[in-house]
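**Student:** need coordinates for the following:
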Amino acid sequence: MNLGPEKIKIVQSALMAWYRDNCRQLPWRRDSSVYRVWVSEVMLQQTQVKTVIPYYLKFMETWPDLKAFAAADLETVLKAWEGLGYYARARNLHKAAGMVVRDMGGIIPDDYEGFKNLPGVGDYIASAVLSIAGAKPHAVVDGNVKRVLARLLCIDTPVNHSAAHKTYKAIAARLLYEKDPGTYNQAVMELGALVCTPKTPDCGACPLARECLACEKQVTALFPRRLEKKKVPTVHIAAGIVRKNGNVLITRRKLDGLLGGLWEFPGGKVEPKESPEQACIREIREETGIETGNPQFLTRVFHAYTHFKIEMDVFFCDYISGRVILNGPIDHKWVRVGQLYQFPFPRANLKFMELITK
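**Tutor:** Here you go, the predicted model:
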């Protein structure tokens, strides 16, 4: 497809008209202030719209503006984020909000470089927020956009190749309707979400069907192209619910890294030739300095992260001796079972929480 001026106008007009008639009435579209758009776009990264909606509504009810959010305690923020996953998003958003309030007079930067310098803000977030909330001419590139463009132009560059972002960004920028970039960007993403879907695109309902090379050649199933992913490894974990005088022990992870700032039950990787029970006792000793015994199997939990999976054997353990001296975690608490839901936990821990609290 030749991306000449006339073709570009056809694509822009068709997309804008389709979006006006078919866009979803989502809560963050009712108020396109920078703060609200920013929060919504962070939540929507790698998370489905239907999952995000209740979190977003609760978030805005709790922290209706940037100043209120910046003043919140991080643990409270992580608890509100619990279940959304990818917790670095929440930590970075909270850190960035604090920087804006503390160092920028509460004014979110309205230029690309200034905004992109904030924690957690990459090209996609900067482009989406500034175009939607500020009408700045920045093209967005996410999974939906790549899929639409790949089919529209039969682009051979695999969407997960290291060069993909640069390739798709350049094409998206050429197609961008600069008179209303925010609406146009949302239209492309909406088309990918509702019509040009990964496995069963509805080409009959697509406003770009006449311009789409993949549709014309009947090869939509071949696009977008992808490099074959490496097999995701599975890690065997053992975790212990240590009981002492009616309380259980929880520890808090370091603030950076995977699941940073969340609370969990102590445990870790099962080593070769080690039973899960032995690993549980050893890991608790190494992390907390206390001796435990009598591990009683509770359940096995399976959970997938982006680059690996875990299977976690969970045990009740009895406290035997020692005082807590942490090695790795940054905090600990002995709490009543009924208090556990007050703390932000990883989803893997939440999968067996009912077995402890019922």
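
**Student:** strands of the protein, start to end?
**Tutor:** Along the chain, the stretches classed as strands by DSSP state E are 234-244, 247-252, 263-264, 267-269, 291-304, 309-321, 331-336.

**Student:** now those in JSON lines, with distance to residue 63, mean pLDDT and mean neighbour count?
**Tutor:** Any C-beta I mention is one placed from the backbone N, CA and C, and that applies to glycine too. Output for the strands of the chain, formatted as JSON lines (distance: least, Cβ to Cβ, whole Å; pLDDT from 0 to 100; neighbours: other Cβ atoms under 10 Å):
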{"stretch": "strand 234-244", "distance to residue 63": "32", "mean pLDDT": "98", "mean neighbour count": "20"}
{"stretch": "strand 247-252", "distance to residue 63": "22", "mean pLDDT": "98", "mean neighbour count": "20"}
{"stretch": "strand 263-264", "distance to residue 63": "21", "mean pLDDT": "97", "mean neighbour count": "21"}
{"stretch": "strand 267-269", "distance to residue 63": "33", "mean pLDDT": "97", "mean neighbour count": "18"}
{"stretch": "strand 291-304", "distance to residue 63": "28", "mean pLDDT": "97", "mean neighbour count": "15"}
{"stretch": "strand 309-321", "distance to residue 63": "32", "mean pLDDT": "97", "mean neighbour count": "18"}
{"stretch": "strand 331-336", "distance to residue 63": "24", "mean pLDDT": "98", "mean neighbour count": "15"}
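
**Student:** out of these, nearest to residue 285?
**Tutor:** Residue 285 lies closest to strand 291-304 among the strands of the chain, at 6.3 Å (Cβ to Cβ).

**Student:** between the closest one and strand 234-244, how many degrees?
**Tutor:** 140 degrees (axes from the mean of the first three to the mean of the last three Cα atoms, to 10 degrees).

**Student:** strand 291-304 vs strand 247-252, what angle?
**Tutor:** If you take the same axes, to 10 degrees, strand 291-304 sits at 60 degrees to strand 247-252.

**Student:** rewinding a little: pipe the strands of the chain into TSV and attach distance to residue 145 per row.
**Tutor:** Shown next, in TSV, are those (distance: least, Cβ to Cβ, whole Å):
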stretch	distance to residue 145
strand 234-244	32
strand 247-252	38
strand 263-264	36
strand 267-269	38
strand 291-304	25
strand 309-321	29
strand 331-336	41
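
**Student:** okay, buried residues for stretch 126-135 please.
**Tutor:** 126, 127, 128, 129, 130, 131, 132, 133, 134 (16 or more other Cβ atoms under 10 Å).

**Student:** tell me which of the strands of the chain sits nearest to residue 195.
**Tutor:** Nearest to residue 195 among the strands of the chain is strand 291-304 (28.1 Å), distances taken as Cβ to Cβ.
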